[in-house]
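Asker: next come a sequence and a model predicted from it.
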Amino acid sequence: MRAGEYYVGDLAWIADFALKEQIYAASNGQNGEFELKNGAKFGVFFGEICDYRDSCGFLYLNSSEIFGIIPANLIDENLLKERILKVVNGILYNKFTSAKLAKIVKFEQDFKVKFGENSIEFGDLRIEFNPQI
């Protein structure tokens, strides 16, 4: 994937119905790296509904089965407002509870998406899939 800013977390937090449909159509429900109709690349992992921790110690609150990485410029600010969410300093928060849900990561160079048995890697960022977290 190309260097740049990406949203990392539960894709359902930031995806409207049309974007979710594109994600499912492009991936056919499979884990991996794919491309949307507009040419934007994304990585997706269809897994358990549980929280995930990354190699930096950040805990992602995951409420759907669709976790992944997508260009940050695809985040619809109006949709966030409707869902009572906000992005502050690169972190997606719930406005009422102030719970940290996901984050925006800036990748300085091109990177690969790799899947392990219990993890996914976005460049140097490793996310552990452990339902016991």
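Answerer: Happy to help now that I have it.

Asker: who are the packing partners of the top helix by length along the chain?
Answerer: When the chain is parsed with DSSP state H, its longest helix is helix 17-27. On a contact count with 3 or more Cβ pairs under 8 Å, 6 or more residues apart in numbering; DSSP states H and E, helix 17-27 meets strand 32-35, strand 41-46, strand 66-71. Every C-beta, even on glycine, is put in place using the N, C-alpha and C of the backbone.

Asker: name the residues that touch the shortest one?
Answerer: By that I understand strand 32-35. Strand 32-35 is contacted from outside by Met1, Ile23, Ala26, Ser27, Lys41, Phe42, Gly43, Val44, Lys112, Val113, Phe115, using Cβ atoms under 8 Å, 6 or more residues apart in numbering.

Asker: what residues of that strand count as buried?
Answerer: Glu33, Phe34 (16 or more other Cβ atoms under 10 Å).

Asker: how about the helices in the protein?
Answerer: Assignment of helices within the chain using DSSP H yields the ranges 17-27, 77-82.

Asker: most tightly packed of those helices?
Answerer: Counting by mean count of other Cβ atoms under 10 Å, helix 17-27 has the highest mean neighbour count of the helices of the chain, with a mean of 15.

Asker: send the alpha carbons of it over as CSV?
Answerer: The C-alpha trace of helix 17-27 is given here as CSV (Å, rounded to 0.1, in the frame of the first residue of the first chain):
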residue,chain,number,x,y,z
PHE,A,17,-23.8,1.5,3.7
ALA,A,18,-22.3,2.2,0.3
LEU,A,19,-18.7,1.9,1.4
LYS,A,20,-19.4,-1.3,3.4
GLU,A,21,-21.0,-2.7,0.2
GLN,A,22,-17.9,-1.9,-1.8
ILE,A,23,-15.7,-3.4,0.9
TYR,A,24,-17.7,-6.6,0.9
ALA,A,25,-17.9,-6.7,-2.9
ALA,A,26,-14.1,-6.1,-3.4
SER,A,27,-13.1,-8.6,-0.8
